[in-house]
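In: Could you work out the structure for the sequence below:
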Amino acid sequence: MYRAVFYQKTQTINMINEIKQISDNVKKLGSYLDIKIPVILFCSNGRGTGFEVEHWLKCQANFISQIRHGQKINLDCTHYVHDIAYKKIAAVIKENF
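Out: Residues are numbered from 1 along each chain as shown. All right, here's what the predicted structure looks like:
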C-alpha cells in the first residue's frame, strides 16, 4: 500500500518536470549565505538515496553549515523523511515556530 501511495505522489508530470529542472534551479539559487530566515534541515540517514551514505551526510552538513540561521536535525530514516518521521518533524516545527 505504501508503495502504491508513493508512486501515485511521485510519478506525476509536475514531479518529473521538477527533477528535469534541478540543475538549472540550483544555479539560480545563488549563495546560501543570502538566506535571512531560519532553516531547519531534516536529514535522512542517507540509505536509499543512490549516494554513498558518507557522501550524503557530508553534503547535508556542508549545505546547512553555509546558512547563517541553519539547524540540522538527523533522522534515522530513509530519504522520504516527511513520510516516515512526520511526527518528529511536526514536533520540532511546533517547538521552534
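
In: okay, CA-based contacts and neighbour counts for the rest of this
Out: Will do.

In: what ranges do the strands span in this protein?
Out: 39-43, 70-74 (DSSP state E).

In: just those strands: most buried one?
Out: strand 39-43 (a mean of 17; mean count of other Cα atoms under 10 Å).

In: What strands flank that strand, and is each parallel or antiparallel?
Out: strand 70-74 (parallel) (DSSP bridges).

In: Can you give the distance of the partner strand from its chain's centre?
Out: 11 Å (Cα atoms, centre = their mean, to the nearest Å).

In: re the thing from before, nearest to Val5, of the strands of the chain?
Out: strand 39-43 (21.8 Å; Cα to Cα).

In: can you list contacts of that closest one?
Out: Under the contact criterion Cα atoms under 8 Å, 6 or more residues apart in numbering, strand 39-43 has outside partners 57, 60, 64, 67, 69-75, 79, 81, 89.

In: Report the inter-axis angle for the lengthiest helix in the chain versus strand 39-43.
Out: The residue-count maximum for a helix in the chain (DSSP state H) belongs to helix 53-65. Angle, helix 53-65 to strand 39-43, by axes from the mean of the first three to the mean of the last three Cα atoms, to 10 degrees: 170 degrees.

In: Outside of helix 53-65 itself, list whatever touches it.
Out: 32, 41, 43, 45-47, 49, 70-72.

In: Nearest to Phe6, out of the residues you listed: which one, please.
Out: Thr49 (14.9 Å).

In: That closest one: what's it in contact with?
Out: Contacts of Thr49 (Cα under 8 Å, 6+ apart): 56, 78-79.

In: Model confidence for Ser31, exactly?
Out: Listed pLDDT for Ser31 reads 63.

In: And Trp56, by the same measure?
Out: Value listed for Trp56 in the pLDDT field: 92.

In: how about the helices of the protein, start to end?
Out: Counting by DSSP H, the helices of the chain are 2-10, 13-20, 22-29, 53-65, 81-84, 86-96.
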